[in-house]
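1. Sequence first, predicted model second:
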Amino acid sequence: MQPITADSNGCHHNINHAIWHLLQKQNTWGAVVMYRKPHSNRFALLLQESQPRVLQQIDEIPLTGGYVIAPFQPSPTCPIQFVEPDFQITCLLEWPQHCAAQTYTDDTKTQRANYAHSFEQAHRRLMNGELQKMVLSRRLNLQLPIHETTEVSGDENFMRLMEAACGYFQKACHYRPNSFVAFWWTKESGAWLVATPEPLLERRQHDWGTVALAGTLPWVEGEKPQWNEKNLEEQAIVSRFVERHLRETAVDVRKSDIYSLHTGNIQHLCTDFSFTLEQPGQVTQLLAKLHPTPAVCGLPRPEAFQAILADETSPRHYYAGFSGPLLLEGETHLYVSLRCMQFTTQTATLYAGGGIMPGSNENDEWEETQRKLQTMLKLF
């Protein structure tokens, strides 16, 4: 991997300059990735000249250092991708430049009807005792304005897509300082942006860590959250699942008390876990056991997984999968792909979901997805 010369602190001062410096040299890259760790003022830019390695199983992911892009359900048309960067640079984040808000049209009315139908099917499964919990997701399709009246070349369209990506990425880092923010583009997946609070697996200084994150309430500054039984049980289901699989694979498993985690306009219930992995191969072994957790799927997991495929009106693709550096220069920060969107220069598809329990109310769950969509809608 070839480093790029920067300033004395190892950083470029301008996000667009750093990216344009490389993209203008070769605008036919196989993969472009940017990511910013929570609470950091720097981000990494990764570029691979060839196409990323394509995989079908989590246990096939190599432990040779790279960036993982995993979907909710790996398939030949939506595979796991492993980016092995030829170039990597670190850049200082800038405050996003003020610009007029983008206008767009969306399909909320259509999606509202779809969600009501899907909720009815999911809730019936819960009331029948088929499931303890099911995570029901939805999408919102945006049509962005088209300013050109003539066709542009493929190279020019790619550069415009990268320009849009830089803007979205900067704004997401600014609005979500405590989230993991990532952008990736490959020919296989297209362009995606994620701003997620949920680590799936992280390498810390002396151990490893993950979380059990579930339950959602609006966040109001100065108000103590009043968590109801539905949210507490939803989070407990995830916590028990994570702890059970950690004790099967890891040693020295420790967990924190449950606490409220504030992220943007909402908050979640969270339990932190720390543990030790004694063998390198246990990394992918544990990932295969954890993904997808009940926080994005449900319980029992096999039945909830099949219910999602049957009841949701559109595929999740890379939403509710995970991404991040894996043993890349010694760092591992794999995060669940929540609060995300897939976009082109003319369209954007936003994703959000929520845990459905027997006591769930359809309108409340719809409003929860509306609040979660604000993370991405705020970027336009």
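-> Everything's here; your move. Residues are numbered from 1 along each chain as shown.
2. So for stretch 229-249, what gets flagged as buried?
-> Going by neighbour count (16 or more other C-beta atoms under 10 Å), the buried part of stretch 229-249 is 230-231, 233-239, 241-243, 245-246, 249. (C-beta placed from N, C-alpha, C; glycine too.)
3. ugh, wrong one, I meant stretch 275-284
-> Using 16+ other C-beta under 10 Å as the test for burial, stretch 275-284 gives 275, 277, 282-284.
4. out of the buried residues of stretch 229-249, who's nearest C91?
-> C91 has its nearest neighbour among the buried residues of stretch 229-249 in V242, at 33.7 Å by C-beta to C-beta.
5. I'd like to know which elements the helix or strand where the closest one lies is packed against.
-> Element membership for V242 (DSSP states H and E) is helix 229-249. Secondary-structure packing of helix 229-249 (3 or more C-beta pairs under 8 Å, 6 or more residues apart in numbering; DSSP states H and E): strand 208-218, strand 251-255, strand 266-276, helix 282-290.
6. Name the strands paired with the first one and say parallel or antiparallel.
-> Counting by DSSP bridges, the strands paired with strand 208-218 are strand 199-203 (antiparallel), strand 266-276 (antiparallel).
7. Alpha carbons only: can I get the last one in CSV?
-> Read it as strand 266-276. C-alpha atoms of strand 266-276 as CSV (Å, rounded to 0.1, in the frame of the first residue of the first chain):
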residue,chain,number,x,y,z
ILE,A,266,-32.7,9.9,19.0
GLN,A,267,-31.3,7.7,21.8
HIS,A,268,-30.9,4.0,22.3
LEU,A,269,-30.4,1.6,25.1
CYS,A,270,-26.8,0.1,25.1
THR,A,271,-24.7,-2.4,26.9
ASP,A,272,-20.9,-2.5,26.2
PHE,A,273,-19.0,-5.8,26.1
SER,A,274,-15.2,-6.3,26.4
PHE,A,275,-13.5,-9.7,25.8
THR,A,276,-10.4,-11.5,24.6
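8. Could you report the neighbour count for R204?
-> 9 (other C-beta atoms under 10 Å).
9. now the one 3 residues further on
-> The criterion is other C-beta under 10 Å. On that basis, D207 has 16 neighbouring residues.
10. Then L309?
-> Neighbour count for L309, taken as other C-beta under 10 Å: 12.
11. hmm, who's touching the helix holding V242?
-> Helix 229-249 is contacted from outside by 132-133, 210-217, 253, 255, 258, 268-271, 273, 275, 277, 282, 285-286, 289-290, 293-295, 299, 301, 355, 357, 359-360, using C-beta atoms under 8 Å, 6 or more residues apart in numbering.
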